[in-house]
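# Got a sequence here, can you model it:
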Amino acid sequence: LSSTPPFSGKIKTVWQDFRVQEVSLDGTLATLSNPADQPPSWATEKDEPTTTTVTSPPPVSNPKPPPISELLSKDQLREVETLANLAKTGVHQELEGDEAKKAAEGVSLGALERQRRMDIFQSMKIKWPQLSHSIDSTQRTESTSKEMKIIIDPNYTSLMKMFHPTPHKTDGTALTFAEAHDCTSTLLLLGGRMWKLVADVPPNQNRVSVEVPLPPHIAPDKAARTQLHRMIHTAFPHLQTFVDEGGKTGKTLRVVSTQQGKKRKHSEAVKSGNPNRWTRFVLVKQNMEMQEALQALADFGKTKHGKFGIAGIKDKRAETSQFVTVETNQVQWDELIKINPNVKLNQPATTTTSSTKDEKQQKRELEETEDGDEEDNMSQDSSSHESSSIRIGNFERVGAHLSQGMLSGNQFRIVVRDVQSKQSATPDTQDDKEETNKGVDAEEVKQLVARAVNDITTLGFVNYYGEQRFGDPGYKIHSFDIGAALVSGDYKQAVRLILTPEDCTAVKDKAVQEAKALYMDHNNAKDALKKMPFVRSVERAVLSALIRHNGANNMYEKAVLATPYQSRSLYIHGFTSWLWNHMATRRLQQFSPTEVVEGDLVVNKGEAVNCDSTPHAVTQEDVNNKKYSIEEVVIPIPGKNVSIPTNLAGFYAEKLAEHKLKPDCWNTRSVQVGMPGTYRRLVALPKEFTSAWEEVVVGDSEESQELETALVLQFQLPAGSYATMALRELMQG
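Reported below is the predicted structural model:
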C-alpha cells in the first residue's frame, strides 16, 4: 500500500526484542505488577450456596405461530405438502424424474421478512418435521427480506433408515414406518431446539429429557447403538443420548437437550456471570509456545489443559503478557504458584512440570506402552540455547470465562536492529559493507523510516495472517495442511501429517522427530509414545488413541478426536486463514489495491466485523459515487454462513479444488468443530504508532554492557491482526 522505498532490519534477534501485551475488552493492559507468591485469598473460601430466582417471561399475545395454511398460498401449500410426501417416499425408494428434481430443488417462497420466515419455519415443523429451510444469504440488499426455500431435512432420511431399515415391518423385529417417523420427528424437533413442540418445559427449566423407542433390531446390537449415538451427535452436537433399560422393547433411547440458544455476546456473559466462579490472572511467558505454556499451567495446577481460558494465541519467540481465566475450584493454587520461582522449562525443572501430570493418566499411558521412562523422555527434549519461563500474578475475581476473541487488541514493543536502506544490499564482508554504505548516512535512513511510519499510520497495511498462524515456516508440514485434511474428512492423512517428522536439526526437537519416525517408518505407536516428550500433548494424544483403537474401522477418526478441541480448531482455522491470505492477495493483484471495485464486500467504518456481519455487495453505482473506501472492504474467512464476493468466487473454488474440496465443504462439523465462517477487514490501521532510536543491549545476556543503536517501534493493533505483517508493510520486505 505504501510507496516508500524499502529498508531492511533484523527482527527478533533475541526474544527480548519482541514484547506483546494483551488489551482486554474493557481496555485494560495485561501487566504483571504483582507476581503471585501465595494463592488468591478466595481460593480457600467455601462457596456459599446461591439461590437463583427465575422470572417467567411476560405473556405474549401469540406464543405460537399461525397455522401453516394461513402463512402460505394454496399453491405454495400444495407444493410443500408434495415435498413432505416425497421426503417419506425417498426413505426407501430412489426418486426419479420430476420427483427427484422436485426433492433436490425444494420449494421457493420468495423474499420474506425475518419474522415471517420464523413463523413459517415453526408452523411447518409442527406439521412436517421432515422438512427444513434454507436462506439465500448471497443477496446483499438494503432490505432485510431474504429468499426462503423449503427443503427436505438432510438428517431425516439417514435417521429414518436407522429406525426403519426395511420398507415393510416384520413382526416384532422393527418399528412401523409411522413409529419410526414419530421417533425421527422428535429428534429433529429437539435438534432444532423446538422443545415445546416435544414436551412441556417449565419456564425455570433449561433441560428437557425425552424417551423414544429403541428399535428391536438396534437394542441388542452394541455396534448399531453406537452408530445411532454417533449419527445423532454429529447432526445435533447439543443433544446427549443414553440407552435406558425397561422400555417396551427392553431398552429405550433417552434424549437430553439443553435449552441454549446462540452464544451470548461477551458483554452479556460478563454481566450475567457469577463473580465468585472464575479467577483471572496475568500470564507472562518468555520464548515459549502457547500450548506448552498452558500445559505447564495444567501440570503445576494439577488440572486439565482445557480448564484454562485465553483470548488469543501469542507468539513463541517473544515476551508476551496476557489474561488467563480458570474456574477457581478447578485448580490447586498452592501448587500452581510454584510455577513462579524462576522456573525455566528447558532446564531440569521441566521434570517437575511433567511429573505433576495427572498420575492416573500417566499410569494409563505407561501401562499401554508396557513401560516408559519419563525422565529420559524429558531429558531428550530439554536442551536449548535459549531459556523459556513463565510467571503469573495479579489474581482477581471475574464473572466470565475467557474464550478466543475476547480481547480488543494487543500492544507491541518491537526492536529492529541493523536498520539499513535497501539501496545498500547486504554485503558479504565488512569491507563491502563499508563500501556499499557510502552515501547512505544515518540521517537519510531515519528520514526513510519516518516516511514509512507516516504511510502505515495513514494507509494501514494488508491484514494478512502471519506465518506463525501456520506453524514454523521452516517445516514442511503446516497447520493448514492438517486443517484441509480434517475438513475433507481424511483422518488418516491428518494423523500422518501430525506424526510426520520434520527436516529439523534443532536439538530441542530431536526426541520429537525420533518418536515420529518410529511411528511413520515402523508403524510402532507404543515405542513412539514412550519416546514422545510429555510436553507434546497433541502427538501423545494421537499415539495413545492409535494404541487403544488399533484395528478399528474408525481408528484414525478416534485418534484425531483424542486431541484437544483447541488444537483441532486451530488446524481448521489455519486452513481458513490460508484461504483468506490467498483471496486477499488475488483481490489486491487483480483489482485496485487502493480503490473499491464492483463485487467487493464492505462493512461500514466503525461497525464491528464478525460472524454476525451482513456485508454490502458493492455495485457499479457505488463505485462511481465513491461511496466506500478500501478500509471498509472485507474478505470472508470461509465457512457455511458467509458469502464469497463475486469477483473472487472462481478463484476461491480453484483453491479449494487444490485440496479436493468443494465450496459446500463447510456444511458439516468436521471432527466436532463448527465452521460457520466470519469476515475480516482487508486493511488494518495501527493505533498510537510511535518510533524512536534508542540504545539497546547487544545480545540477550543480562551481563552484557555493549550497546547499539536500534529502531524501537510501539503500536497497538486490533484483535487478530499480526505485528509481523505490519512490519512487512513498514519495511516493504
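# where in the stretch 51-200 of the chain is pLDDT low?
51-64, 136-144, 167-174, 193-200 (pLDDT under 70).
# Lowest-scoring secondary structure element of this structure by mean pLDDT?
Every helix and strand of the chain was ranked by mean pLDDT, DSSP states H and E. The lowest is helix 374-379, at a mean of 30.
# Show me what whichever helix or strand comes after that one is packed up against.
Next helix or strand after helix 374-379 toward the C-terminus (DSSP states H and E): strand 389-398. Contact here means 3 or more C-beta pairs under 8 Å, 6 or more residues apart in numbering; DSSP states H and E; on that basis strand 389-398 packs against strand 278-286, helix 290-301. In this view, the C-beta of every residue, glycine as well, is placed from N, C-alpha and C.
# Any idea how far strand 389-398 is from the middle of the chain?
25 Å (C-alpha atoms, centre = their mean, to the nearest Å).
# And for stretch 326-333?
Going by C-alpha atoms, centre = their mean, where stretch 326-333 is centred and where its chain is centred differ by 24 Å.
# how far does stretch 9-17 sit from the chain's center?
29 Å.
# CA-only coordinates of that stretch in CSV, if you can.
Taking C-alpha atoms only, stretch 9-17 is exported to CSV below (Å, rounded to 0.1, in the frame of the first residue of the first chain):
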residue,chain,number,x,y,z
GLY,A,9,16.5,-4.6,9.6
LYS,A,10,16.8,-7.6,12.0
ILE,A,11,13.7,-8.6,13.9
LYS,A,12,13.6,-10.9,16.9
THR,A,13,17.4,-11.2,17.0
VAL,A,14,16.7,-12.2,20.6
TRP,A,15,13.3,-12.9,22.1
GLN,A,16,13.6,-9.8,24.3
ASP,A,17,13.2,-7.7,21.1
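# Average the pLDDT values over it and round to the nearest integer.
The average pLDDT within stretch 9-17 is 87.
# Include mean neighbour count and distance to residue 494 when you put the helices and strands packed on strand 389-398 into JSON lines, please.
Shown next, in JSON lines, are these (neighbours: other C-beta atoms under 10 Å; distance: least, C-beta to C-beta, whole Å):
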{"stretch": "strand 278-286", "mean neighbour count": "23", "distance to residue 494": "28"}
{"stretch": "helix 290-301", "mean neighbour count": "23", "distance to residue 494": "17"}
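# Quick one, which of those gets closest to residue 91.
Closest approach to residue 91 among the helices and strands packed on strand 389-398 (C-beta to C-beta): helix 290-301, 45.6 Å.
# Paired strands for whichever helix or strand comes after the closest one, with orientation please.
As assigned by DSSP H and E, the chain's next helix or strand after helix 290-301 is strand 309-310. Strand 309-310 has the following sheet partners, assigned by DSSP bridges: strand 319-327 (antiparallel).
# Let's verify residue 450: helix, strand, or coil?
Following DSSP: H, G, I helix; E, B strand; the rest coil, we place residue 450 in the helix state.
# Do I have it right that it meets residue 691?
Yes - if you go by C-beta atoms under 8 Å, residue 450 and residue 691 touch, sitting 7.4 Å apart.
# So for these two, which sits in the more crowded spot?
A count of neighbours by other C-beta atoms under 10 Å puts residue 691 above the other of residue 450 and residue 691, at 18 against 12.
# contacting residues around the more buried one?
449-450, 453, 711-714 (C-beta atoms under 8 Å, 6 or more residues apart in numbering).
# Adding secondary structure and pLDDT, write those out as TSV.
Formatted as TSV, the contacts of residue 691 follow (DSSP: H, G, I helix; E, B strand; the rest coil; pLDDT from 0 to 100):
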residue	secondary structure	pLDDT
449	helix	92
450	helix	93
453	helix	92
711	strand	94
712	strand	95
713	strand	96
714	strand	96
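# biggest separation within those, which pair?
450 and 714, at 15.0 Å, using C-beta to C-beta across those.
# Which of the helices and strands packed on strand 389-398 comes out lowest on mean pLDDT?
helix 290-301 (a mean of 90).
# so that helix versus strand 389-398, what angle?
Counting by axes from the mean of the first three to the mean of the last three C-alpha atoms, to 10 degrees, helix 290-301 points 70 degrees away from the direction of strand 389-398.
# Mind listing residues that contact helix 290-301?
With C-beta under 8 Å, 6+ apart, helix 290-301 has contacts from 283, 285, 304-305, 307-308, 310, 313-314, 316, 324, 326, 331-333, 335-336, 338-339, 345, 353-354, 356-357, 388, 390, 392, 535, 537-538, 566-567.
# between the host helix or strand of residue 574 and helix 290-301, how many degrees?
Assigned by DSSP H and E, residue 574 belongs to helix 565-590. Between the axes of helix 565-590 and helix 290-301, defined by the same axes, to 10 degrees, the angle is 160 degrees.
# please renumber so the chain begins at 463
In the new numbering, first residue 463, that becomes helix 1027-1052.
# Next secondary structure after helix 1027-1052?
strand 1063-1064.
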